[in-house]
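Undergrad: Have a look at this prediction, sequence included:
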Amino acid sequence: MSKDPFARQAAKLADLSRAVLVQASASPESSETQAWEEAAEDCVLARVDAIRILGGLPMHQPELDCRDRRTRLETLLGYWANGCPFVIDEKLFADILKRRRPRPVSTQISS
């Protein structure tokens, strides 16, 4: 396992994903599935805060559907857990940032 601090958290979540995502196909809105997805997204957000992404993210893309988001999370965490900490998924990062950290609406001051 990599010495990267995210590798341990990603490995734990990747192991959990096998059991949780199999269950998700039967009941996608279960509390276990939602808890895993939230923990996985927290891991991604921590990683986004720790790295520099040059050129920005595709924030104009539509939100990912639940199944695609879970698959992308599982794949990304697998890469991180197996020693590839610099792999990024721009669409997934943008999706999570849009949903979890919405930009404040700027107000214009009129004179």
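TA: In hand now; what should we look at? Residues are numbered from 1 along each chain as shown.

Undergrad: buried sites along stretch 52-71?
TA: Residues 57, 64, 69-70 are the ones in stretch 52-71 that count as buried (16 or more other Cβ atoms under 10 Å). (Each C-beta comes from the backbone N, C-alpha and C, glycine too.)

Undergrad: where do the helices sit along this structure?
TA: Assigned by DSSP state H, the chain shows helices spanning 5-26, 31-50, 66-81, 90-100.

Undergrad: In JSON lines: those helices, plus mean pLDDT.
TA: Conversion of the helices of the chain to JSON lines gives the following (pLDDT from 0 to 100):
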{"stretch": "helix 5-26", "mean pLDDT": "64"}
{"stretch": "helix 31-50", "mean pLDDT": "85"}
{"stretch": "helix 66-81", "mean pLDDT": "90"}
{"stretch": "helix 90-100", "mean pLDDT": "85"}
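
Undergrad: Near the nearest residue to residue 69 once chain neighbours are set aside, how many other residues are there?
TA: Closest residue in space to residue 69, ignoring its immediate chain neighbours: residue 95 at 6.4 Å, by Cβ to Cβ, 6 or more residues apart in numbering. Residue 95 is flanked by 24 other residues according to other Cβ atoms under 10 Å.

Undergrad: who's in contact with residue 48?
TA: Contacts were defined as Cβ atoms under 8 Å, 6 or more residues apart in numbering; by that measure residue 48 touches 93, 96-97.

Undergrad: What about residue 38, how many residues nearby?
TA: 11.

Undergrad: okay, the buried residues of stretch 52-71 in a markdown table with distance to residue 80 next?
TA: Conversion of the buried residues of stretch 52-71 to a markdown table gives the following (distance: Cβ to Cβ, whole Å):
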| residue | distance to residue 80 |
| --- | --- |
| 57 | 18 |
| 64 | 19 |
| 69 | 16 |
| 70 | 16 |
